[in-house]
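In: compute the structure for the input listed below.
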Amino acid sequence: MAGSGSETATRRWERELRVPDEPREASGAEDTAASGDPAAEPQGAASQDAGPQVTEPRAAEPGATELATAAEPAAADPPAATPPTATPPTATPPAAGPLPAAVPATGRSALGSLSRVKVAALGAAVLGVLAVAAIAATTLGGQRAAGRTAAAATQPAHPASPARPLQVMSVTQGGATTRTDGADPIQVTLSAPLAATSPLPVVRPKVAGTWKRAGSALTFTPSFPFEPGTAVRVRFPGGHLGLRSAAGGLLASTVVDHLGTKDWSNLRLKQLLAQLGYLPLRWTAQDASAAQPDSMATELAAEYAPPAGKFTWKGGYPKILTTFWGGPSSLIMDGAIRAFQSNEGLTMTGTVTYDLWQHLLKAAAKGRTNPHGYTYALASKASPETLTVWHNGHVVMHTLANTGIPAAPTADGTSPVYLRYQFQIMRGTNPDGTKYADPVSWVSYFSAGEAVHYFPRGSYGFPQSLGCVELPLAQAKQVWPYMTYGTLVTVAG
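Out: This next block holds a predicted model:
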């Protein structure tokens with residue numbers, strides 16, 4: 001039964017691989033010799049009739065396998081004899097054990113049996129390779145499948161789209177970007193709401209205030225208004241350390257927006273100077289509580305929105321003074337600004353400056369009024385020549401005076417006092433070309449080299465000077481304290 005099973009396996013391999021049988025030799029002696037066994041001798045025809053020949057076992061050839069046991073006796077009817085053909089030597093696989101002991105030789109040569117052994121060994125080798133390849137493919141496929149499964153487990157089923165970059169859409173103050181009200185909030189619109197941990201914009205000049213968020217809108221409310229004429233900068237930090245939206249979008253780069261507040265209010269300037277006693281007018285607010293000086297913040301807010309009210313003239317001043325009021329180049333305002341600058345220790349220029357506003361707002365907030373009051377002086381060339389001085393609506397001096405001779409007349413006009421001395425050596429040139437150096441006292445310069453001062457004369461009331469307004473000693477000394485910086489002096493004739 002074992003032989004039958006071996007025959008079946010061998011024939012199946014032969015059909016699948018389609019390998020033809022080796023040609024059979026003419027005599028059994030030649031078949032035996034071809035097997036390479038030196039112990040076998042030819043027996044002649046009688047040996048062939050006697051039946052199968054038994055060969056001695058031999059050592060296994062290199063590469064032979066146990067599949068060689070599938071060799072079977074040849075079929076009873078061998079094919080027709082063909083001429084002997086030389087068979088090239090072929091290396092056979094090493095076998096794990098010895099070849100089978102008995103191989104029938106009837107109808108087949110030993111060489112044919114050996115070829116079938118080689119075919120069987122080759123088939124086994126091919127099957128082994130295919131098996132190894134299948135195992136490797138299965139293992140590798142399993143690893144790849146496991147990798148894909150692990151990767152799929154770590155990734156979301158629907159990956160989120162990247163967050164859109166954050167953008168600054170608009171920056172305004174009170175709905176404007178220029179001539180803004182410095183007390184108004186700064187309003188910022190972004191393309192998306194900010195993250196809770198996102199930094200906020202930076203406002204310069206630095207003022208106290210608070211930021212409030214509402215969706216994609218930001219609002220900065222200053223606790224202290226920006227000063228008039230201020231260039232306000234709003235800086236939005238960009239990059240990885242900059243502004244970040246709630247969805248994770250970043251502001252690509254730093255953005256700086258600019259705002260410009262309104263200039264200082266000329267109306268509010270007049271209101272403040274009137275409140276502080278630097279004008280010959282009163283200013284009354286329509287809402288008294290809203291206009292009273294109380295703090296810098298209140299005063300700055302009033303700069304952008306001056307409260308409603310009205311100006312009224314203080315009584316007692318001459319009508320000519322009213323002609324110097326009004327307009328940006330008002331003589332009254334020029335004198336008032338100089339008076340304030342003098343009292344505050346500022347350089348007297350008569351022009352509105354940043355320092356002037358700083359001091360003015362502080363003075364208004366603290367209620368620091370004009371310590372000298374308001375003075376106006378009028379020198380008349382009418383005969384007799386006189387000087388009249390008003391202070392806080394009252395005449396404090398009316399005296400005879402001397403103005404310039406026809407060769408050096410005193411110029412008509414109105415100017416503020418800009419320089420004062422108690423005593424001075426006044427130097428100049430006489431009409432005849434000679435030089436003079438005269439001691440004078442209680443001097444108040446108001447226009448170029450013209451001044452109100454004491455000069456000794458035998459009488460007063462007609463032109464005698466070289467352009468100044470000369471007074472007697474007692475009157476000059478009495479009027480000098482009223483002739484403070486900024487006091488308007490009018491010469492009329």
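In: tell me the bridge partners for the closest residue in space to Val396 that isn't next to it in sequence.
Out: Excluding its sequence neighbours, the residue lying closest to Val396 (CB to CB, 6 or more residues apart in numbering) is Val389, at 5.3 Å. Glycine gets a C-beta too; all of them are placed from N, C-alpha and C. Counting by DSSP bridges, Val389 is bridged to Ala377, Met397.
In: tell me the contacts of Val389?
Out: 375-377, 395-398, 479, 482-483 (CB atoms under 8 Å, 6 or more residues apart in numbering).
In: do Pro406 as well
Out: Pro463.
In: separation between it and Gly467?
Out: Distance, Pro406 to Gly467, by CB to CB, to the nearest Å: 11 Å.
In: Ala208: how many residues sit nearby?
Out: Neighbourhood size, Ala208 [other CB atoms under 10 Å]: 9.
In: correct me if wrong: it contacts Phe220.
Out: No: between Ala208 and Phe220 there is no contact under CB atoms under 8 Å: 10.7 Å.
In: quick one: buried residues of the host helix or strand of Gln187?
Out: Per DSSP states H and E, Gln187 falls inside strand 186-190. For strand 186-190, burial by neighbour count (16 or more other CB atoms under 10 Å) applies to 186-188, 190.
In: rewinding a little: could I have the buried ones of the contacts of Val389 as ChimeraX selection syntax?
Out: Of those, the buried ones go into a single ChimeraX selection, burial set by 16+ other CB under 10 Å:
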select :375,376,377,397,479,482,483
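In: distance to Met426 and pLDDT for the contacts of Val389 - can I get that in CSV?
Out: Below are the contacts of Val389 laid out as CSV (distance: CB to CB, whole Å; pLDDT from 0 to 100):
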residue, distance to Met426, pLDDT
Thr375, 23, 98
Tyr376, 25, 98
Ala377, 19, 98
Val395, 28, 98
Val396, 25, 98
Met397, 22, 98
His398, 25, 98
Val479, 18, 97
Tyr482, 21, 98
Met483, 16, 98
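In: any idea how far Thr347 is from Ala196?
Out: Taking CB to CB, one finds Ala196 at 52 Å from Thr347.
In: over to Thr484?
Out: 16 Å.
In: check Pro409 too.
Out: To Thr347, Pro409 is 31 Å away according to CB to CB.
In: the two: who's more crowded?
Out: Pro409 (16 against 10).
In: list the contacts for the more buried one?
Out: 403, 463, 467.
In: highest neighbour count among these?
Out: Thr403 leads the contacts of Pro409 on contacts (other CB under 10 Å) with 25 neighbours.
In: right, and that residue touches Pro384 too?
Out: No: the criterion here is CB under 8 Å, and Thr403 misses it with Pro384 at 10.9 Å.
In: now do the helices in the stretch 351-493 of the chain.
Out: 354-366, 473-479 (DSSP state H, counting those that start in this stretch).
In: quick one: which of the ones you listed is nearest Pro162?
Out: For the helices of the stretch 351-493 of the chain, the distance to Pro162 is smallest for helix 354-366, at 49.0 Å, taking CB to CB.
In: quick one: neighbours of the nearest residue to Ser380 once chain neighbours are set aside, just the number.
Out: Distances taken as CB to CB, 6+ apart put Thr386 closest to Ser380, at 5.2 Å, once the chain neighbours are dropped. Counted with other CB under 10 Å, the neighbours of Thr386 add up to 18.
In: please identify which helix or strand holds the closest residue to His394 other than its chain neighbours.
Out: Nearest non-adjacent residue to His394, counting by CB to CB, 6+ apart: Gly316, 5.5 Å away. Gly316 belongs to no helix or strand when elements are defined using DSSP H and E.
In: residue ranges with poor pLDDT in the protein?
Out: Low-confidence segments of the chain (pLDDT under 70): 1-160, 289-294, 328-329.
In: quick check: Gln271 is in a helix.
Out: Yes: counting by DSSP: H, G, I helix; E, B strand; the rest coil, Gln271 is part of a helix.
In: name the SS class of the nearest residue to Gly350 once chain neighbours are set aside, please.
Out: Spatial nearest neighbour of Gly350, excluding adjacent residues (CB to CB, 6+ apart): Asp334 at 4.5 Å. Under the three-state scheme (three-state DSSP), Asp334 adopts helix.
In: same list (the buried residues of strand 186-190) but as JSON lines, adding distance to Arg213.
Out: Formatted as JSON lines, these follow (distance: CB to CB, whole Å):
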{"residue": "Ile186", "distance to Arg213": "13"}
{"residue": "Gln187", "distance to Arg213": "12"}
{"residue": "Val188", "distance to Arg213": "10"}
{"residue": "Leu190", "distance to Arg213": "10"}
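In: where along the stretch 101-250 of the chain do the helices fall?
Out: Going by DSSP H, counting those that start in this stretch, the stretch 101-250 of the chain shows helices at 110-154.
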